[in-house]
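Visitor: what follows is a predicted structure for the sequence shown.
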Amino acid sequence: MSCGLTRIGRPKRATRTLISRRSRVREKPVREKSIRGKPISAPLPDTLVLTLAVSGIFCAGWLVVAALMREERPVALAWSAYSLLEGTSLVSVVASSAGGAGPGVLGLVLALLSAGAANLGGDIFVHGRARYLRFWMAALLVAIGLQVLAPNLGGAEAALRVIGYDVSLLVLLAAPLAIFARPLVTEFGRFGLLALTPLALMTSFAAFHVGRLLAVPGALATSTHAMASASAGWLLPAIVSSASFHLTWFALILGRQVGRARRLSRFDALTGLLQRNAFDVEMKRALALAHRHRQKLSVAFVDVDHFKRVNDVGGHRAGDRVLRQLAGVLQRAARASDRVGRWGGEEFVLVLPNTDAHGARIFAGRLQAAIRAEAIEVPAGCGPLSVSIGLATDEGNDVDCDALIGRADSAMYAAKHRGRDTAVTAAEGAAA
């Protein structure tokens, strides 16, 4: 008896076979690329973009420094090249490692060149020139030679490439620690050592890796595969260490510029002596100290005789050379407690703490003898260089530095009237 229901039978054999095959296709796991069972993580596109962006930013930044700071141009250009080479090498290493073959020769060579460019810039920065250029060139030639010649050595290719790269990188990272440390501390104090911190960290890692290759059995055999699988993962640490390097050295350049600006605000660019404003500050301090301890203080006002003729005959270049040499004589004649400044033109002034009128006259005689002994070269047609010196001594009633310097200036003009090449005290000038 039919109840209006249709019996649904079992599917045919062909249909069951097709469904089973489709299930197996859907359930088949996707195998990841691996080397000896170790999966290789593909480099993240975002990380690669970040690498190029950071390298480009620092490269452009150093180019701006090169354009704005002429004295730091060679340093900035070297570090600009370092940033460009490093970014390119990281991308090249990761791209070649993505296929499981390990870092390619090009990427490793670019990495070595970037280290050489970084060291060259640091060498110029701390020494003012590339003092160790031959050393950097020799280290790079040996390192790059091992990378290029490795494929021609058959089975030893992987071993030579790994050992050559690691040892070469260790040398290029460790050498600046020994070469740059003392000059940096001399100029910047302990703060200068911060610039070596990124290099110290990378050197420690490189030394650990080299030690592991030499001490652990089988470490060399798996080194290439480890480098291949870790290339993408090392991008971010490499970016951080590179950024630390650039930022610390840029901070040192800014510190040097600030120091130069301070020196220019205090010292005369031509002679290296104190500028007038800076000398005023030093003299006020010395005068206040003399009053507090009830000591004598003298001032010597020095003017070059017939300096206009030197400029007229030999030109301003000859005049500048004479002033520089005379400034050197003044500095050598002064004591550690004395202060020497350029008042303006060919006029100089010295403050002599704890010196009475008699001691000031002795100093003036010694200074004139030193100038004669120096025999400063003057243009043909000019007589031997001489100076007129005016001396003034504080007797405890000079509360104004300008008044004391004014008395020394008047005494200097009295020395001019007496025939030049002599020294006159303020008391002698007033009596005349």
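Guide: Looks like it came in fine.
Visitor: for the rest of this, base every contact and every neighbour count on C-alpha atoms.
Guide: Noted.
Visitor: which residues of this structure fall in helices?
Guide: Using DSSP state H, the helices of the chain run over 13-27, 45-68, 73-97, 105-127, 133-149, 157-188, 197-215, 219-230, 235-266, 276-293, 307-333, 357-374, 401-417, 426-431.
Visitor: and of the ones you listed, who's closest to residue 300?
Guide: Nearest to residue 300, of all those, is helix 401-417, at 6.4 Å by Cα to Cα.
Visitor: and the helices of the chain as a markdown table, adding mean pLDDT, distance to residue 339 and mean neighbour count?
Guide: Below are those laid out as a markdown table (pLDDT from 0 to 100; distance: least, Cα to Cα, whole Å; neighbours: other Cα atoms under 10 Å):
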| stretch | mean pLDDT | distance to residue 339 | mean neighbour count |
| --- | --- | --- | --- |
| helix 13-27 | 47 | 90 | 10 |
| helix 45-68 | 87 | 34 | 17 |
| helix 73-97 | 87 | 35 | 24 |
| helix 105-127 | 90 | 30 | 22 |
| helix 133-149 | 85 | 41 | 16 |
| helix 157-188 | 82 | 23 | 18 |
| helix 197-215 | 77 | 40 | 16 |
| helix 219-230 | 48 | 62 | 19 |
| helix 235-266 | 87 | 12 | 16 |
| helix 276-293 | 91 | 7 | 16 |
| helix 307-333 | 92 | 9 | 17 |
| helix 357-374 | 93 | 13 | 16 |
| helix 401-417 | 92 | 14 | 21 |
| helix 426-431 | 78 | 20 | 15 |
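Visitor: in JSON lines, list those along with distance to residue 394.
Guide: What follows is these, written out as JSON lines (distance: least, Cα to Cα, whole Å):
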{"stretch": "helix 13-27", "distance to residue 394": "103"}
{"stretch": "helix 45-68", "distance to residue 394": "48"}
{"stretch": "helix 73-97", "distance to residue 394": "49"}
{"stretch": "helix 105-127", "distance to residue 394": "45"}
{"stretch": "helix 133-149", "distance to residue 394": "57"}
{"stretch": "helix 157-188", "distance to residue 394": "38"}
{"stretch": "helix 197-215", "distance to residue 394": "53"}
{"stretch": "helix 219-230", "distance to residue 394": "77"}
{"stretch": "helix 235-266", "distance to residue 394": "25"}
{"stretch": "helix 276-293", "distance to residue 394": "8"}
{"stretch": "helix 307-333", "distance to residue 394": "21"}
{"stretch": "helix 357-374", "distance to residue 394": "9"}
{"stretch": "helix 401-417", "distance to residue 394": "7"}
{"stretch": "helix 426-431", "distance to residue 394": "10"}
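Visitor: which one of those lies closest to residue 393?
Guide: Ranking the helices of the chain by proximity to residue 393 (Cα to Cα) places helix 357-374 first, at 5.7 Å.
Visitor: who touches that closest one?
Guide: Residues outside helix 357-374 that contact it (Cα atoms under 8 Å, 6 or more residues apart in numbering): 298-300, 326, 329-330, 333, 352, 385-387, 389, 391-393, 421, 423, 425.
Visitor: now, those residues that are in strands?
Guide: 298, 299, 300, 352, 387, 389, 391, 392, 393, 423, 425 (DSSP state E).
Visitor: and the last one, how far from residue 119?
Guide: Look at residue 425 and residue 119: by Cα to Cα, to the nearest Å, they are 58 Å apart.
Visitor: still on that earlier bit, of all the helices of the chain, which lies closest to residue 346?
Guide: Smallest distance to residue 346 across the helices of the chain (Cα to Cα): 7.1 Å, for helix 307-333.
Visitor: which helices and strands does the closest one pack with?
Guide: helix 357-374 (3 or more Cα pairs under 8 Å, 6 or more residues apart in numbering; DSSP states H and E).
Visitor: now do the contacts for the residue lying closest to residue 342 once chain neighbours are set aside.
Guide: Nearest residue to residue 342, sequence neighbours excluded (Cα to Cα, 6 or more residues apart in numbering): residue 348, at 4.5 Å. The neighbours of residue 348, taking Cα under 8 Å, 6+ apart as the test, are 301, 302, 303, 340, 341, 342.
Visitor: hang on, residue 72 packs against residue 66?
Guide: Yes - Residue 72 is within contact range of residue 66, at 6.4 Å (criterion: Cα atoms under 8 Å).
Visitor: what's near enough to touch the residue positioned nearest the centre of the chain?
Guide: Nearest to the mean C-alpha position of the chain, by Cα atoms, centre = their mean, lies residue 125 at 4.0 Å. Neighbour list for residue 125: 72, 75 [criterion: Cα under 8 Å, 6+ apart].
Visitor: any figure for the gap between it and residue 177?
Guide: In this view, residue 125 and residue 177 are 14 Å apart by Cα to Cα.
Visitor: also residue 384?
Guide: 52 Å.
Visitor: name the nearest residue to residue 248, sequence neighbours excluded.
Guide: For residue 248, the closest residue by Cα to Cα, 6+ apart turns out to be residue 195, at 5.0 Å.
Visitor: give me the pLDDT value at that neighbour.
Guide: On pLDDT, residue 195 comes in at 88.
Visitor: contacting residues around it?
Guide: By Cα under 8 Å, 6+ apart, the contact set of residue 195 is 245, 248, 249, 252.
Visitor: noted, bye for now.
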